[in-house]
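S.K.: Whatever this is, show me its structure:
(one chain, ligands or ions: 1)
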Amino acid sequence: MSQAPSSPMEPAVDSTAGQDPEGACILFVDDDADIRQATALLLRRRGFAVVGAADPGEALSVLAATAVSVVLLDLNYTRGATTGAEGLECLRALLAHDPGLPVVVVTGHSGVAIAVAAMRAGAADFVMKPWKNDRLVATIEDALATHRRRLAARQPVGAGGPADGAAAPADDGMMIAGCAQTRDVLERADRVAPTQAGVLLTGPAGVGKTALARRIHRLSAQRAGRLLVLDPRLGEDTVAVRLAGADARDTLLVEEIGDWSPALQDRLLARVQAGGGARLLATAREGGAALRASVMPDLLCRLDVVTIALPPLAARGEEIAVLARHFLRLFALRHGVADRTLSPEAEEALAARPWPDNVRALRQAMERATVMARDAVLGVADVAGPGPDAEGTEAGTPDAAPTLARSEKAMIEAALRRHGFNVSHAARELGLTRPALYRRMARHGL
Ligand SMILES: Nc1ncnc2c1ncn2[C@@H]1O[C@H](COP(=O)(O)OP(=O)(O)OP(=O)(O)O)[C@@H](O)[C@H]1O
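M.R.: Residues are numbered from 1 along each chain as shown. Take a look at the predicted model:
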């Protein structure tokens, strides 16, 4: 099957969005550009907004950038493939990001057996190619109606999102795997997610611990409850109030347990020992002996039933380019600018960088490049520059510095505006802690 590029009109949400009374947006994933175009026309005429993706990787990037209501997913992408394996893998990745997402699979050559496998893997329904237009629209409407009923039923239980009750950004916790190590990390996380076991996620700054904790929560039986983030960087009072307000339906995300004061550890342990408590997920930059030296043993054994260590980005080889391409697509959609691609030299330069701030820095470098680059193909200069937490330690050239500072300021301003100047939400979107965002706001006079 051809690797047809998306048509320029496709990825942007269609301007007819909103004709559907409840603003449903359909993501159609198919490598055939003509079929994508024709189906988009049909669905738009029926009142849906439509976004397109040419392959599974692009589908995940679109999902990270866009509030999607239903996915229509073709199952074969490689020329001559008929097993549906690529589509089934994509289905699993989509549902791992959002278990409630209705995915309607499209089967052609693959036939009924593949449709059955897809239904077993969690697809909402299937349609056979060639389809009748009315049957396709009815299938999408049914999937949407079921989804809305489920959402409505879940409503009274609680926010199910951040502790402050706001909707999470679309890409909150979206995890992309581009190497064997990350696939193994995700597989372990998905295995432990549905249980009640405490999970400790370790790894250096910006490596994806919080994003993975959010994924575990979404895949857990507690997902209708709240994810209460207990981060000492928010202040001990905030942590104590959230802890006191937690109940058995909630999940506690204990951030940076190695930094908790003994008094706060005492409170957490008392809460846990009181029983009937919330599920525990914890993060720590250092595991092993360092953690054992700073955390009370009784507490650690509750938090650390299963440990998952996330490797630093520099050790993930080919995943750096996979993540870079994902972030480029994500930010092109989010900022409404042209798609960017990496030149081979830029890819090499990214692979050679040490990435002390890991995925967070790569994400910011790709957002900066998306916003600031003059050409569609990014060169080495476009992807160079300090990471978000480098705090000036990876200085750029004297000429580049003011431009980079301006672009960082513009990004922060844009994120703050998007979130109605709510610093916590803007910080989450930018992949920063709240104190780190405040430092940057002060630096830029915001
Ligand atoms: N595998 C991944 N795919 C896509 N995005 C990722 C991945 N890993 C991390 N990210 C993104 O990188 C950013 C940093 O990740 P996260 O905040 O989870 O790191 P962390 O390990 O918790 O960092 P810290 O220790 O500084 O709190 C977030 O925006 C997150 O969504």
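S.K.: use CA for all of it now, contacts and neighbours both
M.R.: Fine.
S.K.: What ranges does the stretch 201-350 of the chain have for its strands?
M.R.: Using DSSP state E, counting those that start in this stretch, the strands of the stretch 201-350 of the chain run over 227-230, 251-254, 279-284, 306-309, 341-342.
S.K.: Can you say which helix or strand has the nearest residue to residue 56 once chain neighbours are set aside in it?
M.R.: Leaving aside its chain neighbours, residue 56 sits nearest to residue 90 (5.6 Å; criterion: Cα to Cα, 6 or more residues apart in numbering). Using DSSP states H and E, residue 90 sits within helix 85-97.
S.K.: helices or strands up against that helix?
M.R.: Other elements packing on helix 85-97 under the criterion 3 or more Cα pairs under 8 Å, 6 or more residues apart in numbering; DSSP states H and E are helix 56-65, strand 70-74, helix 209-218.
S.K.: Any idea how far the shortest one is from the middle of the chain?
M.R.: Going back to what we said before, that points to strand 70-74. 18 Å (Cα atoms, centre = their mean, to the nearest Å).
S.K.: just stretch 125-136 next, same as before
M.R.: That offset, for stretch 125-136, works out to 30 Å (Cα atoms, centre = their mean).
S.K.: Which positions within it qualify as buried?
M.R.: Neighbour counts using 16 or more other Cα atoms under 10 Å place 125, 126, 127, 128, 136 of stretch 125-136 among the buried residues.
S.K.: what does that stretch contact?
M.R.: For stretch 125-136, contacts defined as Cα atoms under 8 Å, 6 or more residues apart in numbering pick out 42, 103, 104, 105, 106, 107, 108, 111, 115, 119, 139, 143.
S.K.: likewise stretch 340-349?
M.R.: 321, 325, 328-329, 332, 370, 375-383.
S.K.: Endpoints of that stretch, how far apart?
M.R.: 16 Å (Cα to Cα, to the nearest Å).
S.K.: now do stretch 242-250
M.R.: Terminal residues of stretch 242-250 lie 11 Å apart, using Cα to Cα.
S.K.: Mind checking the pLDDT average for it?
M.R.: When pLDDT is averaged along stretch 242-250, the result is 83.
S.K.: list the buried ones in that stretch?
M.R.: So stretch 242-250, judged by 16+ other Cα under 10 Å, has buried residues 243, 246, 249, 250.
S.K.: Ok, stretch 297-305 next?
M.R.: Of the residues in stretch 297-305, 299, 300, 302, 303, 304 count as buried by neighbour count, 16+ other Cα under 10 Å.
S.K.: Could you export those to a markdown table, including columns for distance to the ligand and pLDDT?
M.R.: Converted to a markdown table, the buried residues of stretch 297-305 look like this (distance: Cα to the nearest ligand atom, whole Å; pLDDT from 0 to 100):
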| residue | distance to the ligand | pLDDT |
| --- | --- | --- |
| 299 | 20 | 93 |
| 300 | 18 | 93 |
| 302 | 20 | 91 |
| 303 | 16 | 92 |
| 304 | 17 | 89 |
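S.K.: Enumerate every residue touching residue 380.
M.R.: 343, 345, 346, 349.
S.K.: So how do I select the buried members of these in ChimeraX?
M.R.: Per 16+ other Cα under 10 Å, the buried members of the contacts of residue 380 correspond to this ChimeraX selection:
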select :346
